[in-house]
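S.K.: please find the sequence and the predicted model below.
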Amino acid sequence: MASIPTSARNKDVAEVAAQQEPITAPYGSWKSPLTADVVSGSSKRLGGTAVDAHGRLIWLESRPTESGRAVLVREPEKPGDEPLDITPKEFGVRTLAQEYGGGAFCVSGDIVIFANYKDQRLYKQSISSLDVPPVPLTPDYGGPVVSYADGVMDARFNRYVCVQEDRRESNLNPPTTIVSIAIDSKDIQEPKMLVGGSDFYAFPRLDPKRERIAWIQWNHPNMPWDKSELWVGCISENGEIYKCSCIAGCDPSLVESITEPKWSPDGELFFITDRENGFWNLHKWIESENKVVPVFSMDAEFARPLWIFGMNSYEFIQSNKQRNLIACTYRQQGRSYLGVIDDVQSSTITVLDIPFTDIDNITYGKDCLYVEGASAVHPSSVAKVALDDKKLKAVDFKIIWSSSPDSLKYSSYFSKPELIEFPTEVPGQNAYAYFYPPSNPTYGASHGEKPPLLLKSHGGPTAETRGMLNLSIQYWTSRGWAFADVNYGGSTGYGREYRDRLLGRWGIVDVNDCCSCAKYLVDSGKVDGERLCITGGSAGGYTTLAALAFRETFKAGASLYGVADLRLLRAETHKFESRYIDNLVGGEKEYFERSPINHVAKFSCPIILFQGLEDKVVPPDQARKIYLALKEKGVPVALVEYEGEQHGFRKAENIKFTLEQQMVFFARLIGHFNVADEITPIKIDNFD
């Protein structure tokens, strides 16, 4: 199988390192070519893929070097040519629907419809006539107050059907609906509501004849991974939706999370739900009997939690033999697989042999699959997987896009993730993490020294950390740090029972599991128990602050846009998550007891805080309150605030600064070593 070619230049770093005798130096002080510039410049993000009328791949990438601007790019016509930017320089493709966005564009033949970041309006653009500027389809409301996502073209009525979030009346509780937008009208018209009345909607999907529409909906206080419903409606001669019926999720005795409805080419409705075994498995609706049947059952996750719009975990494959072949991706025990299910012989799944061990979305092309994935040595990438005549075997694998095309030249420095299972505080119950040992071919540590540990608590908290090449992790390990990336109880990827461990116990289970993981690594002799640090962003920042306030396991921490006050979060956060923590925390007593801001007296170790000033998910007041309280108490503390950043940092210079300042902060306060890089540390209150 073909993979990324390694150029002679890519060998330089590895060969030079391999020729030297290892230098003995303290862990953490090692010099590494994986600089913060390399990391920040390589952290392009992928925002989805599609195929145009000519079968060429189109992808959405966000660029830290352009302040996080997201651009649609087309695969080159000839091998060796450069990919072509479709999005004009004055536009950026990103929707703020539900704050986290996703599903920001749709390709249909030669047309792309996209949400523009600055004004949040929808625009139509011809892919073949790039000199013609995009045309707005939705009204100008004087600001980015109405957002659109997750749309599909409706050729029958020449319209675009999508989810709309309207923040004109209220930022905290905007109505969400499914709307249609005329795409060829001479005048810009108001979107027309098709479906409304629920708190949230996703995945409006039309059948092949454009006579029916399916969608997902859910209501407060549920999140879509707690409980959601699948509905189908008929489309009338004038385009209205009527005769709506709930297909799944309405039975009060059956709690299920439904996601990703999709009509097959012959008009059957497929979707993913966790109704039988607690794992997200593929099902279909037998319309004639109005019943739901599993297509393939396995203790594996065939979907991810619906944090963003537009996910695509399975695709129908056109087969010569008129069979329903379904390409799908699933996760089991911390690893992804790409498979093909034969819907007629539903007991069979054929696993395709490809180098990716971590897979997100898949898109069907001409006799191929475009797969978004990664592995321990591949950063986030898109690969073209060519299929044989029977569509059951991968005959070629070629990387089309990479978030970090130069990463291979650092491969001799890569620390490979080891999936570890460790005991939690609940007897007989285990949790999971990826452990990365220090790795640098040029250096070795002195005999008997154990490395410092940076333990990361992921965001969400209903999310999952994955064992894929992440240069920001390699930044630490190549300098002599050990790194642990924890999937605490409540994480996805391990079924509903594991996901539900956090219900009513956020701030307890996650904190205990992070502490248990650190203890397990100390007891295993892999890390230094006196140099344990913790970091995390968003919900992971909350776990970080809670671990530092309520436990004494860690010696220092870094919180990136982390939650300090649960009550404030509930009062000020956006609609999508405004009731989320009701199920995770409980009543007023628990809100008070588990908010680190109310227990400043319990903080005793150094903390550095990073915060975007335009964050709508965790407002900046949270970081400021913690900073001022710790400064007054006399604990070493530093606060970094970024203008123009929201929830998660997108600008290269801020990604770089955050990484370097964490490194030098930990080195100065608990490391007992000097950092090899030239970094000017910021002032630390109560220390400098």
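M.R.: Good, I have the coordinates.

S.K.: other residues contacting stretch 377-385?
M.R.: Contacts to stretch 377-385, defined as CB atoms under 8 Å, 6 or more residues apart in numbering, come from residues 4, 42, 44-46, 49, 57, 59, 338, 352, 354-356, 365, 368-374, 394, 396-404, 407-408, 411, 414, 416, 468-471. (Glycine included, C-beta is placed from N, CA and C.)

S.K.: distance from the chain centre to that stretch, please.
M.R.: Offset of stretch 377-385 from its chain centre (CA atoms, centre = their mean, to the nearest Å): 16 Å.

S.K.: could you number the chain from 264 rather than 1 from now on?
M.R.: Taking 264 as the first residue, the last one we looked at is stretch 640-648.

S.K.: distance between the ends of that stretch?
M.R.: The first and last residues of stretch 640-648 sit 18 Å apart, counting by CA to CA, to the nearest Å.

S.K.: care to break this structure down by domain?
M.R.: Domain assignment for the chain, taken from the TED database, gives 577-668, 671-933.

S.K.: as CSV, the ones you listed with mean pLDDT, mean neighbour count and distance to S448 would be great.
M.R.: Below are the domains of the chain laid out as CSV (pLDDT from 0 to 100; neighbours: other CB atoms under 10 Å; distance: least, CB to CB, whole Å):
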stretch, mean pLDDT, mean neighbour count, distance to S448
domain 577-668, 91, 19, 30
domain 671-933, 94, 21, 30
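
S.K.: closest to D462 out of those?
M.R.: Closest to D462 of these is domain 671-933 (CB to CB; 7.6 Å).

S.K.: in the sheet, who's paired with the residue nearest to E474 when sequence neighbours are not counted?
M.R.: For E474, ignoring the flanking residues on the chain, the nearest one in space by CB to CB, 6 or more residues apart in numbering is I498 at 5.6 Å. Note on I498: beta-bridge partners by DSSP bridges are I504.

S.K.: just checking, I498 touches I476?
M.R.: Yes - with contacts counted by CB atoms under 8 Å, I498 reaches I476, the gap being 6.1 Å.

S.K.: mind listing what's buried in stretch 480-492?
M.R.: For stretch 480-492, the neighbour count (16 or more other CB atoms under 10 Å) marks Q480, W481, N485, M486, P487, W488, D489, K490, S491, E492 as buried.

S.K.: meant to ask about stretch 502-512, not that
M.R.: Buried residues in stretch 502-512, counted by 16+ other CB under 10 Å: G502, I504, I510, A511, G512.

S.K.: with pLDDT and distance to I933 added, can I get these in CSV?
M.R.: CSV is the format used below for the buried residues of stretch 502-512 (pLDDT from 0 to 100; distance: CB to CB, whole Å):
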residue, pLDDT, distance to I933
G502, 96, 64
I504, 97, 60
I510, 97, 55
A511, 97, 52
G512, 97, 49
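
S.K.: S508: what's it in contact with?
M.R.: W494, V495, G496.

S.K.: and if you look at S520?
M.R.: When contacts are counted by CB under 8 Å, 6+ apart, S520 touches P487, W488, D489, K490, S491, T536, D537, W543, R759.

S.K.: nearest spatial neighbour of the last one, chain-adjacent residues omitted?
M.R.: Among residues not flanking R759 along the chain, G541 sits closest, at 3.8 Å (CB to CB, 6+ apart).

S.K.: so what's the one you found up against?
M.R.: Contacts of G541 by CB under 8 Å, 6+ apart are G758, R759, E760.

S.K.: kindly report the same for N750.
M.R.: Contacts for N750 (CB under 8 Å, 6+ apart) come out as G597, A694, Y695, A696, H721, E727, T728, G756, Y757.

S.K.: in JSON lines, list those along with distance to P882 and secondary structure.
M.R.: Compiled in JSON lines, the contacts of N750 are given as follows (distance: CB to CB, whole Å; DSSP: H, G, I helix; E, B strand; the rest coil):
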{"residue": "G597", "distance to P882": "34", "secondary structure": "coil"}
{"residue": "A694", "distance to P882": "31", "secondary structure": "strand"}
{"residue": "Y695", "distance to P882": "32", "secondary structure": "strand"}
{"residue": "A696", "distance to P882": "30", "secondary structure": "strand"}
{"residue": "H721", "distance to P882": "21", "secondary structure": "coil"}
{"residue": "E727", "distance to P882": "26", "secondary structure": "coil"}
{"residue": "T728", "distance to P882": "25", "secondary structure": "coil"}
{"residue": "G756", "distance to P882": "30", "secondary structure": "coil"}
{"residue": "Y757", "distance to P882": "32", "secondary structure": "coil"}
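
S.K.: give me the below-cutoff pLDDT ranges for the stretch 364-513 of the chain.
M.R.: Within the stretch 364-513 of the chain, no stretch has pLDDT under 70.

S.K.: rewinding a little: shared neighbours of I498 and I476, anything?
M.R.: Common neighbours of I498 and I476 (CB under 8 Å, 6+ apart) are L469, I504.

S.K.: sorry, back to before: output the domains of the chain in TSV; the columns should cover distance to K341.
M.R.: Shown next, in TSV, are the domains of the chain (distance: least, CB to CB, whole Å):
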stretch	distance to K341
domain 577-668	14
domain 671-933	23
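
S.K.: so which of the ones you listed gets nearest Q452?
M.R.: For the domains of the chain, distance to Q452 was read as CB to CB. The smallest value, 25.8 Å, belongs to domain 671-933.

S.K.: hmm, back to that, and which of the contacts of G541 is nearest to V409?
M.R.: Ranked by distance to V409 (CB to CB), the contacts of G541 are led by R759 at 34.6 Å.

S.K.: separation between that closest one and T725?
M.R.: Noted for R759: a distance of 11 Å to T725, by CB to CB, to the nearest Å.

S.K.: surely V863 is in contact with K894?
M.R.: No - V863 lies out of contact with K894 (CB under 8 Å); the separation is 10.2 Å.

S.K.: the stretch 614-763 of the chain: strands as residue ranges?
M.R.: For the stretch 614-763 of the chain, applying DSSP state E, counting those that start in this stretch gives strands covering 621-627, 631-637, 644-650, 657-665, 681-686, 693-699, 706-707, 716-720, 745-750.

S.K.: what pairs with the last one, and is each one parallel or antiparallel?
M.R.: What it means is strand 745-750. strand 693-699 (antiparallel), strand 716-720 (parallel).

S.K.: likewise for the longest one?
M.R.: In the sheet, strand 657-665 lines up against strand 644-650 (antiparallel) (DSSP bridges).

S.K.: ok, which stretches of this structure are helices?
M.R.: Using DSSP state H, the helices found in the chain span residues 271-282, 299-304, 734-740, 759-762, 772-786, 802-813, 829-835, 843-848, 851-856, 884-896, 915-929.

S.K.: nearest to M574 among those would be which one?
M.R.: Of all these, helix 759-762 sits nearest to M574, with 16.7 Å by CB to CB.

S.K.: alpha carbons of that closest one, as PDB, please.
M.R.: Only the C-alpha atoms of helix 759-762 are listed here, as PDB (Å, rounded to 0.1, in the frame of the first residue of the first chain):
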ATOM      1  CA  ARG A 759     -23.500   4.400  27.200                       C
ATOM      2  CA  GLU A 760     -22.700   2.900  30.600                       C
ATOM      3  CA  TYR A 761     -19.200   4.400  30.600                       C
ATOM      4  CA  ARG A 762     -20.600   7.700  29.200                       C
END
